[in-house]
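Visitor: take this sequence and fold it.
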Amino acid sequence: MAAPGRVAAFRLPPLPTIGEIIKLYRLKAQRQLSQNFLLDLRLTDKIVKQAGELKNAHVCEVGPGPGGITRSILSADVEQLLLIEKDARFIPGLQMLSEAAPGKVRIVHGDILTYKMEKAFPKHLKKDWEDEPPDIHIIGNLPFSVSTPLIIKWLENVSKKDGPFTYGRTQMTLTFQKEVGERLTANPGSKQRSRLSIMAQHLCSVENCFIIPGEAFVPKPEVDVAVVHFTPLVQPKIQQPFELVEKVVRSVFQFRRKYCFRGLETLFPESGRLKRTEQLMMTANVDPTLRPFQLSMSQFRNLCNTYRKMCDEDSSLFVFDYREELKQKKTTRNLLKSTSQPEQTEEEDQL
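Guide: Just a heads-up that it's a prediction; the model follows:
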């Protein structure tokens, strides 16, 4: 019996184990979809615990699969749980969980990369960006093939305050390959410092919570798995549009083993490239002989702010695409080769 004056915590009725569900519905993780099942409920509880207090919260679980983390979320006594699952094979098992928690679960058979999350939760949950995060959480043991493009998409949503972040600073607790988790949280000077480090850390507080050994999953992946928690910052560390920040950061890391000067050159057309790159680095007060992974967040901010001013002065600059320039050069070279070939043959004929 519950203690006087207290409501009993929500408890799922007795259910088949995750292993039994997998056998019952003949579920098999598909390697081509980089699926890995987590069967240990102590570990799924630990993942859910990283999300914080979930009692009466609204939660979206991405890629629930056979429902291990789903059980742990429901056991945390959430108000509503939205499950988004792309693989139709898992839907019957998730429906069993839905029936065990009447009125709490909504299942969407769809792709998280295209699902419109700005309409996923009740409007009354919205908070101002400057307020504490809303009582909304995103949790997911993501397939490795989806995790990086998805976090980039969500970081863009954070920057624009749309998608799941129309409700405020929605928190996320997600799994990644250990190496990706290390990149997301890498500090300046770390060899793991990358484009992902800057894009995540300038928009969010990012915490690498703990590592799950690969052998805890079925089938066992070749790598260990990191659980990472994200809380969007009230003020981004670089206050420029997402596309501009991404362009500068991507350029810097394009030649990650060379001096950062080399990558920044790719922001400018060939005509005047050297002079403009020197101008950018001098105005931003960045040493051109630093490697990309050595740059601090404030140096990236200076580079983005200076590049923005240069774009404001020359509107053609932001749309310049270095790869397109290389492609055109290659096409021109091939064209010259093909037009010079017949002349050479004609000369040979005359000889």
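
Visitor: those strands in the stretch 1-150 of the chain, which residues are they?
Guide: Along the stretch 1-150 of the chain, the segments classed as strands by DSSP state E, counting those that start in this stretch run 37-38, 58-62, 80-85, 105-109, 136-140.

Visitor: what angle separates the second one from strand 105-109?
Guide: So that's strand 58-62. 30 degrees (axes from the mean of the first three to the mean of the last three C-alpha atoms, to 10 degrees).

Visitor: if you count contacts, what does strand 58-62 end up packed against?
Guide: Contacts of strand 58-62 with other secondary structure elements, assessed using 3 or more C-beta pairs under 8 Å, 6 or more residues apart in numbering; DSSP states H and E, are made with helix 68-75, strand 80-85, strand 136-140. Where C-beta positions appear, they are placed from N, C-alpha and C, glycine not excepted.

Visitor: what's the closest of the strands of the stretch 1-150 of the chain to Arg291?
Guide: Closest to Arg291 of these, according to C-beta to C-beta: strand 136-140, at 33.3 Å.

Visitor: other SSEs contacting that closest one?
Guide: The helices and strands touching strand 136-140, judged by 3+ C-beta pairs under 8 Å, 6+ apart, are strand 58-62, helix 68-75, strand 171-177.

Visitor: if we use 7 Å, what do you get?
Guide: strand 58-62, strand 171-177 (3 or more C-beta pairs under 7 Å, 6 or more residues apart in numbering; DSSP states H and E).

Visitor: are we agreed that Thr306 is in a helix?
Guide: Yes - judged by DSSP: H, G, I helix; E, B strand; the rest coil, Thr306 forms part of a helix.

Visitor: let's see the pLDDT reported for it.
Guide: The per-residue pLDDT reported for Thr306 equals 98.

Visitor: re the thing from before, now render the helices and strands packed on strand 136-140 as JSON lines, adding distance to Lys327, mean neighbour count and mean pLDDT.
Guide: Putting the helices and strands packed on strand 136-140 into JSON lines (distance: least, C-beta to C-beta, whole Å; neighbours: other C-beta atoms under 10 Å; pLDDT from 0 to 100) gives the following:
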{"stretch": "strand 58-62", "distance to Lys327": "36", "mean neighbour count": "24", "mean pLDDT": "97"}
{"stretch": "strand 171-177", "distance to Lys327": "32", "mean neighbour count": "23", "mean pLDDT": "96"}
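
Visitor: let's have those strands in CSV, adding distance to Glu79.
Guide: Conversion of those to CSV gives the following (distance: least, C-beta to C-beta, whole Å):
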stretch, distance to Glu79
strand 58-62, 6
strand 171-177, 16
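
Visitor: between those strands, which one is nearest to Lys161?
Guide: Counting by C-beta to C-beta, Lys161 lies closest to strand 171-177 out of the helices and strands packed on strand 136-140; the figure is 14.7 Å.

Visitor: helix or strand right after that closest one?
Guide: The first helix or strand that comes after strand 171-177 along the chain, using DSSP states H and E, is helix 178-185.

Visitor: and that following helix, which residues are buried?
Guide: Lys178, Val180, Gly181, Glu182, Arg183, Leu184, Thr185 (16 or more other C-beta atoms under 10 Å).

Visitor: give me the mean pLDDT for that helix.
Guide: Over the span of helix 178-185, the pLDDT mean works out to 97.

Visitor: run the chain-centre distance for that helix.
Guide: 11 Å (C-alpha atoms, centre = their mean, to the nearest Å).

Visitor: one more: stretch 205-224?
Guide: Relative to the mean C-alpha coordinate of its chain, stretch 205-224 is positioned 16 Å out (C-alpha atoms, centre = their mean).

Visitor: which one of the helices and strands packed on strand 136-140 lies nearest to Lys49?
Guide: Closest approach to Lys49 among the helices and strands packed on strand 136-140 is made by strand 171-177 (9.2 Å; C-beta to C-beta).

Visitor: list the strands paired with that closest one, with their directions.
Guide: Applying DSSP bridges to the sheet, strand 171-177 is found paired with strand 136-140 (parallel), strand 225-232 (antiparallel).

Visitor: out of the ones you listed, which one sits most buried?
Guide: Most buried of the strands paired with strand 171-177, by mean neighbour count (mean count of other C-beta atoms under 10 Å): strand 136-140, with a mean of 24.

Visitor: just the residues contacting that one, thanks.
Guide: The contact list for strand 136-140, computed with C-beta atoms under 7 Å, 6 or more residues apart in numbering, reads 48, 51, 54, 57-63, 69, 73, 121, 125, 164, 167, 170-175.

Visitor: stretch 152-161 too?
Guide: 113, 129, 163-165, 172, 199-200, 203-204, 232, 236, 242.

Visitor: buried ones only from those, please, as a ChimeraX command.
Guide: Selecting just the buried residues from the contacts of stretch 152-161 in ChimeraX takes one command, with 16+ other C-beta under 10 Å as the test:
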select :163,164,165,172,199,200,203,204,232,236,242
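
Visitor: out of the contacts of stretch 152-161, which two sit at the greatest distance?
Guide: Within the contacts of stretch 152-161, two members stand farthest from each other by C-beta to C-beta: Leu113 and Trp129, at 24.4 Å.

Visitor: and stretch 70-87, which residues are buried?
Guide: Burial within stretch 70-87, assessed by neighbour count using 16+ other C-beta under 10 Å, is assigned to 70-78, 80-87.

Visitor: all helices of the protein, in order?
Guide: Listed in chain order, the helices of the chain (DSSP state H) span 18-24, 41-50, 68-75, 91-100, 144-160, 178-185, 195-201, 242-252, 260-264, 273-284, 297-313, 322-350.
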